[in-house]
Every structure is written in C-alpha cells, then in structure tokens.
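**Q** Attaching a predicted model along with its sequence, questions to come.
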Amino acid sequence: MRKKLNKRKIFLCLLILCFIGVCGSIWNRTDKKGNDINTSINDKVLEMYNESNEKNVVVENNNDLNNGQVAQNNKKEITDWNLKLVNYENVLAEDFEVDLTTVDRNRKFDSRAVDDLKKMINDMKKSGISNVWIQSAYRSVSRQEELFENKVNQYIKEGKTREEAEELTSILINRPGTSEHNLGLAIDFNYVDYTFENGEGFKWLKENAEKYGFILRYSREKEDITRVGYEPWHWRYVGREHATRINELHMCLEEYIDYLSNEL
C-alpha cells in the first residue's frame, strides 16, 4: 500500500516539473520575428494602460468643462444700475440711454446719483479744498469716439502703425462704448494729470469719497485686471454700501462684481 502511494507521489512530482518546464519555455520563447514575447506582452499591456489613461483624461477634462459650465450657470446676475460694468469686455448696447441731470453749465451726470455727487463737491469745498473741479462727467459715445480718434491720429503722426496707435490709445482712453463716461456714472477731476494725486483734493477723496458712493476706479494695483492705466483723477459712482465694501475688500469693480456673482 505504501509503495503505491510513493509511486503516486513520484508521478505527481514529475507531472509538476513537466508543467513548470513547459510554462518556462513558453514564457521565455520568442516570436517569429525574434522578439521576446514577454516584451511584446508588456508593450501591449502598457499600450492598453495608456489608452485607458487617455480615455480617463478625456473624461476628466469633459467633467472639468461641465463643472465649469455648471459653475458659470450658477453665477448670480448682478443687475444693480449703479454696478453696471463697462470695460474692454463689456460694451454698452447701442440703444443704451440714461436720464441725465446737469451738474454745472456744461456737465451732466446720472440723475439717480447726481445729488450724491453735488454733496461730495460741496462738502469738499466746506473742508477748505477749493482747487478741485469736475473736468469731465457724462460723455456721449460719439464724443468718446472723437477723443479716441484724435489720440490715435496723434500716435500715427509720431510714426506708430494704426494698430499700435489704437493699442496705446486704449491704455489712456477707453474705446467708444466701453467708457464709464458713456455710462454717466464717472467723473474726471481737474486737468486729468498725475499731479492731481499730490494735492489735498485727492487725499480728501481717498478718505471720504466712499461716504458719497464713489470709488477710485483705476488704481495701480489693479491695472492687470481693469486693463486701464492708473487714473487718480477718475472716480466712479457705485453707491455708498458698495463703495465701502469694495474698499474693505481691496477690490476693483471687476473683482467685486465677480465676488457678488459667486455669493451664495
């Protein structure tokens, strides 16, 4: 009985050894072209892995696009008249109209904000600052176009191409339909000169303008966002509450509107 068991054990051992040998020969064999099959298999697996990754990347990218679209759709629309954004990306509609009230003999401002503007000017004078005046307020789109073209032509006379001249001009003067002056909510003080920031009027505005609903629209720190060079003379009406919040958050109007759009 024990001999039969030993024979069976020997037979099983031989069978296992043969199986290992066959597998080993298959594992190490080469194909007809002399390529190691192991390598071919590895390459195929790697190829399949890469294809899978590419599909996953496509899916992830599509998900990112979908998520971005959802986020965009979830943004609140800001419709406050005093927060209307006019810039290089947001052009006034051709049929845009605004009710205007005269500030002085030659200048007009949005009727809904003109009282705050007048009070700010009067209070500035009461504080002893008498050398500050409104140089420019509301401007029609046609007047804006005239100013823009005059500056472009000046650059062209200096040797710039039309494209270069328009690019340089857009840093100093907004293109027609993209200026806050066309909106009726912006004012320029004095001679539109950088020396304005050295005067008492600018200092007073920095400390008090928000109380009347005005902000310094184009600061040095935000030029990369507004795409407009620093203008210490240019002030924009947004209302008292918004002006205070914008200054607290150290934002420009573009950032603030985006901030409000994403609020829950």
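**A** Ah, there it is. Small disclaimer: the values here were computed from a predicted structure and weren't measured.

**Q** by contact count, what packs against the helix or strand that contains Phe148?
**A** Using DSSP states H and E, Phe148 maps to helix 141-157. Under the contact criterion of 3 or more Cβ pairs under 8 Å, 6 or more residues apart in numbering; DSSP states H and E, helix 141-157 touches helix 162-172, helix 180-183. Every residue, glycine included, has its C-beta placed from N, CA and C.

**Q** in this structure, which segments are predicted with low confidence?
**A** For the chain, applying pLDDT under 70 flags the ranges 1-73, 264.

**Q** how about the helices in it?
**A** 2-28, 37-73, 114-126, 141-157, 162-172, 180-183, 200-208, 223-226, 240-249, 253-261 (DSSP state H).

**Q** what about stretch 157-176, distance to the chain center?
**A** 23 Å (Cα atoms, centre = their mean, to the nearest Å).

**Q** before we move on, back to that, Asn122: which of the helices and strands packed on helix 141-157 is closest?
**A** Nearest to Asn122 among those is helix 180-183; the distance by Cβ to Cβ comes to 22.1 Å.

**Q** Specify the residue ranges that define each domain of this protein.
**A** The chain breaks down into these domains under automatic domain parsing: 2-73, 85-139+181-261, 143-178.

**Q** Tabulate these in CSV, adding columns for mean neighbour count.
**A** Listed next are these as CSV, based on neighbours: other Cβ atoms under 10 Å:
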stretch, mean neighbour count
domain 2-73, 10
domain 85-139+181-261, 17
domain 143-178, 16
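
**Q** The ones you listed into TSV, with extra columns for distance to Thr79?
**A** What follows is the domains of the chain, written out as TSV (distance: least, Cβ to Cβ, whole Å):
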stretch	distance to Thr79
domain 2-73	17
domain 85-139+181-261	11
domain 143-178	20
